[in-house]
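K.L.:
Fold the following.
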Amino acid sequence: MVTPDLATNVETRIQEGHRIMVAARGITSVLGFALDEAQLRNATLYVLYVKEIVVFYARGPTVPGRPKWQEDPEAAAIMSTMQKLGAERNVCVQPVYAVSEDAATTILDLTATLGVDYLIIGASQRTAMSKLLRGSVVTNVAQQLPESIHLIIYG
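P.N.:
The predicted structure is shown next:
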């Protein structure tokens, strides 16, 4: 049944100045989609790359200092490409790099910390056995993401 108070659920939420985060594991079509959305919404685009590590040593990293995306070849390819494309489209692209044993938790933490309005994640490319053993990042994020942050699963 349609009531007047339900109309607020379908009102437009497109405003300038939004913050969009895209979690990327490679140069895929999800990055192009995120760039299009950021351009359409005149939003800042945070490109997140989480380097997953299998074992976390409690004593911390063996190399002093913070990990840098410029030193990770895959992250550097993604970030530099997105910064170049963002500059061409007049979109502010901010690289975000993290090293973590739990990608879903890191994505959730950074999304909340940065005050993101939209989170875009590509559909998982993991094998069925890997999903069974480690879980799906998309599923874990979707279950725990605050309702105030919109989730877009692309692909």
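K.L.:
CA atoms for contacts and neighbours, from now on please.
P.N.:
Fine.
K.L.:
what about R25, how many neighbours?
P.N.:
Counted with other CA atoms under 10 Å, the neighbours of R25 add up to 19.
K.L.:
Please look at it and L31 and confirm they touch.
P.N.:
No - R25 is beyond contact range of L31, at 9.9 Å (criterion: CA atoms under 8 Å).
K.L.:
pretty sure K51 belongs to a strand, no?
P.N.:
Yes - the assignment for K51 (DSSP: H, G, I helix; E, B strand; the rest coil) places it in a strand.
K.L.:
Tally up the residues packed near M82, please.
P.N.:
Neighbours of M82 under the rule other CA under 10 Å: 24.
K.L.:
cool, E37 as well?
P.N.:
E37 has 17 nearby residues by other CA under 10 Å.
K.L.:
Return the set of buried residues in whichever strand or helix holds it.
P.N.:
Using DSSP states H and E, E37 falls within helix 29-41. Buried residues in helix 29-41, counted by 16 or more other CA atoms under 10 Å: 30-31, 33-35, 37-39, 41.
K.L.:
got it, and stretch 65-83?
P.N.:
69, 75-76, 78-79, 82-83.
K.L.:
Sounds good, over and out.
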